[in-house]
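1. what's the 3D shape of this:
(2 chains)
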Amino acid sequence: MDETALLKLLEKHADMNTCDLASALNETQENILSKLNELEQNKIILGHHTLINWDKTNTNRVMALIEVSVMPEREYGYDRIAKLIYRYPEVDTMYLMSGKSEFIVTVYGKTMQEIANFVGSKLACIDKVTGTCTLFVLKQYKRSGIVFEAEEDSAERLLVTP
Amino acid sequence: MIDERFLSKKVQQVKPSGIRKFFDLASELEDVISLGVGEPDFNTPWHIREAAIYSIEQGKTFYTANQGLLELRKEICSYLKRRFSLAYDPTKDVIVTVGGSEAIDITMRALIDPGDEVIVLSPGYVAYEPSVTLTGAVPIIVELNEENQFKLTPEQLKQAISDKTKALLINFPSNPTGGVMTHEDYEKLVPIIKEHDLLVISDEIYAELSYDVEHSSLANFEEIKDHVILISGFSKAFAMTGWRLGYVCADPVLIKQMNKIHQYIIMSAPTAAQYGAIEGLRHGMDHVSEMRDSYHTRRNFIVSGFNRLGLKTHMPQGAFYIFPCIKHTKMTSEEFCQALLEDQKVACVPGTAFGEAGEGYIRVSYAYSIDEIKIALGRIEQFLKNKGFL
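-> Okay, here's the model as predicted:
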């Protein structure tokens, strides 16, 4: 089975059922199911997400990118300190980066104050964290390949053409 | 009073396209799901659009050389060499045209005389037969069939040849059947083409959309290469239909004559489109490959869906069309498409729009997202239930 084709399909159509996946890949449903299990067990497929534009709902939701500077530890490098940070449920995404800061952390909160409290009382207090720089997101334009507010309607194709 | 007396007899011989009728019918309805479009659903990749915009910003808005920008012709030749092992000289063998359509037109006008016979395959793209008729030549129709996966067999070719035959017009991968010819399939035709000294006009606009098998061209056969006129373009592979940009590659003796017509009727293809195409050929192959992969999964999905509904569909190996058989419904292709449109507002194209050999089939495009295809399949299922076929 073409594993890459399956993954590419799921990346764009997370809601496709096994029957449709089998049709699209010319495989049996049994093969698809067993491959999906294998991919999940091997932590290649880690989860399925729905992309939501929370700005269009009445939900209070603030997003911040936080640059975190840290001192690496002998034997552990950055991994142990990363764990101390990402285990907080407020942390949505975390990357080790090249550049002036070691980590970039994405955090969600109901208000800016809530995020500020998290940074001040938890994140910045972690041993080996030497500094933080919090960047609040003002507007989302595009995420995971999806434009949040398309400026123009895509031109309509004719209904029937040769 | 203006009446038919003023019209050219040649034009009057040409029938209006069968597609037009369905376009008009579908346009009158709301909430139509169309599977009737012969163009990609992808936007032209942004870097191509940006390159064209940049060329305009820079004031590159003048005519180009008649044959097209040399830079573009060089890119076309380099692309044909690396993708399909076809060698052409950018200075002598190529004309950049206004879509593949202009390439077909100037080829016909430059090479075909009244009274000549041109072998045309059916079902086939709607413009081929008229393009022959308009030269005053006679189209000799070869009917391709599903049993042979809509390929042209050596026996069919031999039967169609007479002492008046000047050229063979082919289109693989095919619109509307999705049929392809492999290197081995072509190998059997080559001696016949050579023996009868035929020209081959080969529209390979869907070359990049070949699945399961490598695209092959009759121009790959050195012994007849100088007899092959290769037509292609950017519409399908690069999702650039509205840019109207194609090209024709052939022996310089032929190109020189085609270029005379091109320079008088067109002058040169749109300049901004040419700059966009250069960018596409230089940096756009990953996008081409992504689009092909996407069509590939959609093809599998839609073929499986139609077969599940009892509409027997062979697995096409190219383009983005399937050609399901509807003979068991006892309806004509046109009746089927009209009833489907009226009952469930799904637009497909009757096979007969592509020639009489298309009777009993419909053309269904899968240049649509899987979600759209799924909704359309649901409606077609309901239609078949309503008509008592399921």
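
2. Outline the domain layout of chain B.
-> Listed domain ranges for chain B are B:4-43+B:286-384, B:46-283 (source: automatic domain parsing).

3. same check, this time on chain A
-> Listed by automatic domain parsing, the domain ranges of chain A are A:3-41, A:54-140.

4. right, and those - which one's nearest chain B?
-> Of all the domains of chain A, the one in closest proximity to chain B, counting by C-beta to the nearest C-beta, is domain A:3-41 (3.8 Å). For glycine as for every other residue, the C-beta is placed from the backbone atoms N, C-alpha and C.

5. any bit of the closest one sitting next to chain B?
-> Yes: using C-beta under 8 Å from any C-beta of the partner chain, domain A:3-41 reaches chain B at A:5, A:8, A:9, A:13, A:16, A:20, A:22, A:23, A:24, A:25, A:26.

6. Tell me, how many residues neighbour the residue of the stretch 1-150 of chain B found nearest chain A?
-> For the stretch 1-150 of chain B, the residue closest to chain A is residue B:36, as judged by C-beta to the nearest C-beta, at 3.8 Å. Close neighbours of residue B:36, defined as other C-beta atoms under 10 Å in any protein chain shown, add up to 28.

7. So what's the gap between the strand or helix carrying residue B:293 and the chain middle?
-> Using DSSP states H and E, residue B:293 sits in helix B:285-308. Its chain's average C-alpha position is 18 Å from that of helix B:285-308, according to C-alpha atoms, centre = their mean, to the nearest Å.

8. Now mean pLDDT, mean neighbour count and distance to residue B:320 too, for the domains of chain A, in CSV please.
-> As requested, the domains of chain A are exported to CSV (pLDDT from 0 to 100; neighbours: other C-beta atoms under 10 Å in any protein chain shown; distance: least, C-beta to C-beta, whole Å):
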stretch, mean pLDDT, mean neighbour count, distance to residue B:320
domain A:3-41, 95, 16, 14
domain A:54-140, 95, 14, 33
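
9. Near chain B, which residues of chain A are found?
-> Counting by C-beta under 8 Å from any C-beta, chain A sits next to chain B at A:5, A:8-9, A:13, A:16, A:20, A:22-26, A:154, A:157-162.

10. Just the ones of the residues you listed in helices?
-> Here DSSP state H is the test, and these give A:5, A:8, A:9, A:20, A:22, A:23, A:24, A:25 as lying in helices.

11. Look at the closest residue in space to residue A:162 that isn't next to it in sequence and say how many residues are nearby.
-> In this structure, residue A:162 finds its nearest non-sequential neighbour in residue B:126, 4.7 Å apart by C-beta to C-beta, 6 or more residues apart in numbering or on different chains. Residues near residue B:126, counting by other C-beta under 10 Å, number 23.

12. in which helix or strand would I find the most centrally placed residue in chain A?
-> Centroid-nearest residue in chain A: residue A:93, 6.0 Å away (criterion: C-alpha atoms, centre = their mean). If you go by DSSP H and E, residue A:93 is part of strand A:91-96.

13. One more: residue B:256?
-> According to DSSP H and E, residue B:256 maps onto helix B:252-265.

14. Now the next helix or strand after that helix: buried residues?
-> With elements assigned by DSSP H and E, the helix or strand that comes after helix B:252-265 is helix B:271-283. For helix B:271-283, a neighbour-count test (16 or more other C-beta atoms under 10 Å in any protein chain shown) marks B:271, B:272, B:273, B:274, B:275, B:276, B:277, B:278, B:279, B:280, B:281 as buried.

15. Same check on stretch B:11-27?
-> For stretch B:11-27, the buried set under the neighbour-count rule, 16+ other C-beta under 10 Å, comprises B:17, B:18, B:19, B:21, B:22, B:23, B:25, B:26.

16. Take those residues and keep only those in helices.
-> Here DSSP H is the test, and the buried residues of stretch B:11-27 give B:18, B:19, B:21, B:22, B:23, B:25, B:26 as lying in helices.

17. now the top helix by length along chain A: how far from the chain's centre is it?
-> Scanning chain A for the helix with the most residues, using DSSP H, yields helix A:29-41. With C-alpha atoms, centre = their mean as the basis, helix A:29-41 stands 23 Å off its chain's centre.

18. packing partners for it?
-> Helix A:29-41 is packed against helix A:3-12, helix A:18-25, with contacts defined by 3 or more C-beta pairs under 8 Å, 6 or more residues apart in numbering or on different chains; DSSP states H and E.

19. Go again with 7 Å.
-> If you count contacts as 3 or more C-beta pairs under 7 Å, 6 or more residues apart in numbering or on different chains; DSSP states H and E, helix A:29-41 packs onto helix A:18-25.

20. Only C-alpha atoms, please: export the helix it packs on in CSV.
-> This file holds the C-alpha atoms of helix A:18-25, laid out as CSV (Å, rounded to 0.1, in the frame of the first residue of the first chain):
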residue,chain,number,x,y,z
THR,A,18,-12.2,3.6,5.7
CYS,A,19,-14.6,2.7,2.9
ASP,A,20,-13.8,6.0,1.1
LEU,A,21,-10.1,5.7,1.8
ALA,A,22,-10.2,2.2,0.3
SER,A,23,-11.9,3.4,-2.8
ALA,A,24,-9.5,6.3,-3.2
LEU,A,25,-6.4,4.1,-2.8
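
21. returning to that earlier point: is it possible to export the domains of chain B to TSV including mean pLDDT?
-> Output for the domains of chain B, formatted as TSV (pLDDT from 0 to 100):
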stretch	mean pLDDT
domain B:4-43+B:286-384	95
domain B:46-283	98
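
22. The stretch 201-350 of chain B against chain A: which residues are in contact?
-> Contact residues (C-beta under 7 Å from any C-beta of the partner chain) of the stretch 201-350 of chain B with chain A: B:293, B:297, B:300, B:301, B:304, B:305, B:347, B:349.

23. No further queries at this time; thank you.
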